[in-house]
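>>> here are the coordinates; sequence isn't available:
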């Protein structure tokens, strides 16, 4: 377990699990109490893969693939696989699962805008 503040983006490896937290984590015991979201690093031009829940403000759901800037100003713990090949396989599957990425996000959100408004 390593904090991203002490880690440079270029040091991340395919298959690293990124746990976004509310506070700076100092021990493994804190992860379950303060984690708010997880993402996967996939060593791709858009290296972050994560799920998104449908909400009235975000207006989309599914698995997104985004740029590294998604991590800006976030508190993150990195969990790394001890098996590099496993991490690479997981990353390859995650890229295939990602149905939307940054350039398409606005059109994806607008596609569901009416449905979201009806739910309000």
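Perfect, I can see it now. A quick note: this is a predicted structure, and the numbers were derived from the prediction, not measured.

>>> Give me the pLDDT value at residue 41.
Predicted confidence (pLDDT) for residue 41: 91.

>>> Surely it and residue 18 touch.
Yes: taking contacts as CB atoms under 8 Å, residue 41 lies within contact range of residue 18: 6.1 Å. (C-beta placed from N, C-alpha, C; glycine too.)

>>> who touches both of these two?
residue 48 (CB atoms under 8 Å, 6 or more residues apart in numbering).

>>> Please give me every residue in contact with residue 40.
If you count contacts by CB under 8 Å, 6+ apart, residue 40 has them with 15, 16, 17, 18, 48, 49, 50, 90, 91, 94.

>>> What's opposite it in the beta bridge?
For residue 40, the beta-bridge partners under DSSP bridges are residue 17, residue 49.

>>> pretty sure residue 88 is in a strand, no?
No: counting by DSSP: H, G, I helix; E, B strand; the rest coil, residue 88 is located in no strand; its state is helix.

>>> Can you tell me the closest non-neighbouring residue to it?
Leaving aside its chain neighbours, residue 88 sits nearest to residue 14 (4.7 Å; criterion: CB to CB, 6 or more residues apart in numbering).

>>> The one you found belongs to a strand?
No: using three-state DSSP, the assignment for residue 14 is coil, not a strand.

>>> Pull the number of nearby residues for the residue nearest to residue 66 when sequence neighbours are not counted.
Distances taken as CB to CB, 6+ apart put residue 48 closest to residue 66, at 4.7 Å, once the chain neighbours are dropped. By other CB atoms under 10 Å, 23 other residues sit near residue 48.

>>> Identify the residues contacting residue 48.
Residue 48 touches 18, 39, 40, 41, 42, 65, 66, 67, 68, 70, 71, counting by CB under 8 Å, 6+ apart.

>>> Then residue 73?
No contacts exist for residue 73 under CB under 8 Å, 6+ apart.

>>> how about it, phi and psi?
When read as degrees, to the nearest 10, the backbone of residue 73 gives phi 60, psi 30.

>>> measure it to residue 20 for me?
11 Å (CB to CB, to the nearest Å).
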